[in-house]
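Student: only the shape, not the letters, is given here:
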Ligand code: SF4
């Protein structure tokens, strides 16, 4: 009896180019070995849009990513997930209702605002952003998208990740006192109208549970124990961690950082553990790649070889990722604006 690996490969051969499997970099290696394309959110969004001949797209990642693939897909394509319960707690931290309340509060300041929505958000929130003339962004292009918004002499409401918003604002040289935090659990987000008026960027107080596990103390310990090591963290880590690290960047930027590291050096990384373990394996003997601490995305881990195989064998209808047409049309505007920048 062939094992799961062999059965999946046989099914991929049978489907040929009619099947396109996308795998996010935080997936385990046993899943990624079956992917036609591996990348971060931005690369996978581009890849999904660039394969009109594929009848079935299988997204090995979390729900918001599969929704983006469905939104950008072409007529006649169907997007599936091996495990539809793979969500993202950060994406759930900003609902359209709460975003609209924030929007009304900010609009009352009399200034012009634009929403910028991190792709780690629901299709509904992206649609809301598209209707408001805003753009989606990923951690790779957040700075470019924020510059686009600010160049229109607009203030920015950035959702749902506080830390990516704050780190990006710092990268752009925006002073900390011009960045305000909107806490959706508090009346008016905990802001006074004067505080909102003095802000250039208002960031939503959402966070990624995987990346807030990294702390300034961990960085200080690495500096003591491995003084020659370079440290790079993902921009979803808190600002004090990103500031103490040697660099911060998206998953693709982290990969390039390791690739450019001199032979014999050590790179310590603060992001999801699956990516770090794969880099450690790939660069073994050339660059020592270590985790700042092991931090696992439990939702990414819900996809495995077994549920991928079940999907390819049976194509259960409940694993289709559906986005209502009117939501998809508005969300597409926010995503296409991002891809055009
Ligand atoms: S790593 Fe964080 S942001 Fe990414 S899917 Fe997991 S919980 Fe969501």
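Tutor: Thanks, I have the structure now. Every value quoted in this text rests on a predicted model; they were computed, and no experiment measured them. Numbering: from 1, shown residues only.

Student: list the buried ones in the one helix or strand residue 6 maps to?
Tutor: Assigned by DSSP states H and E, residue 6 falls within helix 4-15. Buried residues in helix 4-15, counting neighbours by 16 or more other Cβ atoms under 10 Å, are found at 4, 7, 8, 11, 12, 15. C-beta coordinates here come from the backbone N, C-alpha and C atoms, glycine included.

Student: which of these sits closest to the ligand?
Tutor: Nearest to the ligand among the buried residues of helix 4-15: residue 8, at 23.1 Å, using Cβ to the nearest ligand atom.

Student: and residue 239, how far is that from residue 312?
Tutor: Separation of residue 239 from residue 312 (Cβ to Cβ, to the nearest Å) stands at 43 Å.

Student: also residue 234?
Tutor: Applying Cβ to Cβ to residue 234 and residue 312 gives a distance of 31 Å.

Student: so which of residue 239 and residue 312 has more stuff around it?
Tutor: residue 312 (22 against 19; other Cβ atoms under 10 Å).

Student: give the contact list for that one.
Tutor: 8, 11, 12, 15, 19, 58 (Cβ atoms under 8 Å, 6 or more residues apart in numbering).

Student: which ones are touching residue 45?
Tutor: Counting by Cβ under 8 Å, 6+ apart, residue 45 has contacts 65, 68, 69, 72, 119, 138, 335, 339.

Student: tell me the pLDDT of it.
Tutor: Here, the pLDDT recorded for residue 45 equals 75.

Student: quick one, strands of the chain?
Tutor: Remark: strands assigned in the chain by DSSP state E are 19-24, 37-39, 56-60, 78-80, 113-118, 135-137, 155-159, 179-182, 201-204, 230-233, 247-248, 266-270, 288-291.

Student: ok, which of these comes nearest residue 223?
Tutor: Residue 223 lies closest to strand 230-233 among the strands of the chain, at 8.0 Å (Cβ to Cβ).

Student: does any part of the closest one sit near the ligand?
Tutor: No - Strand 230-233 is not in contact with the ligand by Cβ under 6 Å from any ligand atom; minimum separation 13.1 Å.

Student: contacts for that strand, please.
Tutor: Residues contacting strand 230-233 (Cβ under 8 Å, 6+ apart): 211, 214, 219, 222-223, 241-242, 244-249, 253-254, 257, 261, 265-271, 292.

Student: buried members of the residues you listed into ChimeraX, please.
Tutor: The ChimeraX selection below is limited to those of the contacts of strand 230-233 classed as buried (16+ other Cβ under 10 Å):
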select :211,214,219,222,241,242,244,245,248,249,253,254,257,261,267,268,269,270,271,292
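
Student: related to what we said a few turns ago, present the contacts of residue 45 as CSV; the columns should include pLDDT and neighbour count.
Tutor: As requested, the contacts of residue 45 are exported to CSV (pLDDT from 0 to 100; neighbours: other Cβ atoms under 10 Å):
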residue, pLDDT, neighbour count
65, 95, 27
68, 93, 33
69, 92, 26
72, 90, 23
119, 95, 25
138, 93, 22
335, 94, 24
339, 89, 14
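
Student: looking at the residues you listed, which is nearest the ligand?
Tutor: residue 65 (8.0 Å).

Student: get me the contact residues on the stretch 101-250 of the chain for the ligand.
Tutor: 120, 208, 209, 210.

Student: identify the residue nearest the third one in space, chain neighbours excluded?
Tutor: So that's residue 209. Leaving aside its sequence neighbours, residue 209 sits nearest to residue 89 (Cβ to Cβ, 6 or more residues apart in numbering; 5.7 Å).

Student: I figured that neighbour was touching residue 211, is that so?
Tutor: No - using Cβ atoms under 8 Å, residue 89 is not in contact with residue 211; the gap is 11.6 Å.

Student: quick one: the closest residue to residue 34 other than its chain neighbours and residue 68, what's the gap?
Tutor: Sequence neighbours aside, residue 8 is the residue nearest to residue 34 in space, at 5.1 Å (criterion: Cβ to Cβ, 6+ apart). Look at residue 8 and residue 68: by Cβ to Cβ, they are 24 Å apart.

Student: for the residue nearest to residue 34, give me its contacts.
Tutor: Applying Cβ under 8 Å, 6+ apart, the residues contacting residue 8 are 34, 305, 308, 309, 312.

Student: do I have it right that the first one meets residue 9?
Tutor: Yes - proximity of residue 34 to residue 9 meets the contact threshold set by Cβ under 8 Å, at 7.1 Å.

Student: pLDDT-wise, which helix or strand of the chain ranks last?
Tutor: One helix or strand of the chain scores below all others by mean pLDDT, DSSP states H and E: helix 41-49, with a mean of 81.

Student: what are the buried residues along that one?
Tutor: So helix 41-49, judged by 16+ other Cβ under 10 Å, has buried residues 41, 42, 43, 44, 45, 47, 48, 49.
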